[in-house]
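Undergrad: sharing a model prediction with you, sequence too.
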Amino acid sequence: MTASAEPAPPPVPPDADPGAALAALRGEIDQLDDQIHELVMRRAEVVAALATSRVKGGASPLRPGREAMILRRLLARHRGTLPGGAVVRLWREIFGASSAMQGGFTVALHAREPGQARLARDHFGGAIPIRSLPSAASALAAVAAGEAQVAVLPLPEEGEPLDRAWWTGLDAPRLQVVARLPFWSARGEAGPEALAVALGAPDASGADRSYLRIEAAAEQGRTGLLAGLAGAGLAPRSLLLRRDGGTVRALAEIEGVLAEGDPRLAALPFAHVLPLGFYAVPERGV
Ligand SMILES: O=C(O)C(=O)C[C@]1(C(=O)O)C=C[C@@H](O)C=C1
């Protein structure tokens with residue numbers, strides 16, 4: 001497809017016979033649909049070839065970082081009257097089917113509101129089995145046991161009860177945050193959000209944010225935590241802090257990829273620090 005700076009000519013001349021014009025345009029749409037279908041089938045063959053080669057490597061069929069890179073590239077080249085959100089929905093359906101093609105693919109969902117369940121369905125597509133589970137712990141256990149490939153969980157919130165704060169017990173690096181949902185939403189649109197957790201580390205997408213769990217001494221406050229993080233070059237974009245008995249736990253969200261072995265972690269003056277994974281920064285469309 002080539003880009004053109006010129007506006008497209010009107011497809012139907014004003015004096016055309018309406019019946020003939022309709023038939024001609026529908027004929028063109030049929031041809032385009034056949035071409036799109038050929039390409040979608042060809043794409044599935046390439047994914048199947050990739051999956052066969054991956055079986056040897058044993059990597060997960062869910063690659064949210066790669067999906068983010070594809071979507072960002074398509075949105076950057078997108079033009080015309082079809083909304084960018086429609087492009088994202090089309091590809092999300094393709095990605096879901098592509099992951100499912102590579103072996104059983106089930107989503108373990110713990111939603112606190114119907115919007116989060118819709119989010120999981122929109123993100124993974126219409127054909128993916130979604131198992132609703134009563135707690136974040138049961139959704140994470142399903143992933144750990146291989147009964148589901150990804151858990152969709154509510155975004156951590158300040159002040160939530162300990163039994164809801166699933167990040168405090170996340171078994172990283174075995175289980176890690178791999179995506180934030182929705183990946184795309186219209187600018188200014190505030191809706192539910194969720195995090196996806198899977199086995200192993202995600203792929204970097206080029207624009208990512210990481211989570212870091214911190215356990216610190218009981219007297220540690222927000223100011224001390226912020227200063228310690230900044231001193232190690234890890235100034236967070238957000239910091240969630242909780243005190244459970246004598247334990248201070250914090251969840252810092254940091255720009256970029258932060259993983260085990262990162263030298264900045266060794267510079268942190270806290271009792272325990274553990275990277276919990278990262279996600280591709282979501283896109284906001286117009
Ligand atoms: O690139 C891969 O590793 C794939 O499995 C292919 C593919 C795709 O359809 O493009 C499929 C699912 C992943 O979540 C991301 C990418």
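TA: Received, thanks. Residues are numbered from 1 along each chain as shown.

Undergrad: show me where the stretch 151-286 of the chain dips below the pLDDT cut-off.
TA: Counting by pLDDT under 70, the stretch 151-286 of the chain has no low-confidence residues at all.

Undergrad: which residue ranges of it form helices?
TA: Assigned helices in the stretch 151-286 of the chain, in chain order: 222-231, 263-266 (criterion: DSSP state H, counting those that start in this stretch).

Undergrad: just the CA coordinates for the shortest one, please, in CSV.
TA: Read it as helix 263-266. Extracted as CSV, the C-alpha positions of helix 263-266 are listed here (Å, rounded to 0.1, in the frame of the first residue of the first chain):
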residue,chain,number,x,y,z
PRO,A,263,23.2,-3.0,38.6
ARG,A,264,20.9,-0.3,39.8
LEU,A,265,19.2,-2.8,42.1
ALA,A,266,22.4,-3.4,44.1
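
Undergrad: name all residues that make contact with whichever residue of the stretch 1-150 of the chain sits closest to the ligand.
TA: Checking the stretch 1-150 of the chain residue by residue against the ligand with Cβ to the nearest ligand atom singles out residue 98 as nearest, at 3.2 Å. C-beta here means a position set from N, CA and C on the backbone, and glycine is covered the same way. Residues counted as contacts of residue 98 (Cβ atoms under 8 Å, 6 or more residues apart in numbering) are 43-44, 47, 61.

Undergrad: buried residues in the helix or strand containing residue 140?
TA: Residue 140 is located in helix 136-144, with elements delineated by DSSP states H and E. Within helix 136-144, the residues that qualify as buried are 136, 139-144, counting by 16 or more other Cβ atoms under 10 Å.

Undergrad: so of the helices of the stretch 151-286 of the chain, which one's packed in deepest?
TA: Burial of the helices of the stretch 151-286 of the chain is given as mean neighbour count (mean count of other Cβ atoms under 10 Å); helix 222-231 ranks first at a mean of 15.

Undergrad: for the most centrally placed residue in the chain, give me its contacts.
TA: Compute the mean C-alpha point of the chain, and by Cα atoms, centre = their mean the closest residue is residue 179, 3.1 Å away. Contact partners of residue 179, counting by Cβ under 8 Å, 6+ apart, are 64, 123, 195-196, 202, 279-280.

Undergrad: nearest to the ligand, of the residues you listed?
TA: The closest of those, once distances to the ligand are taken by Cβ to the nearest ligand atom, is residue 64, at 6.4 Å.

Undergrad: fine by me, we can end here.
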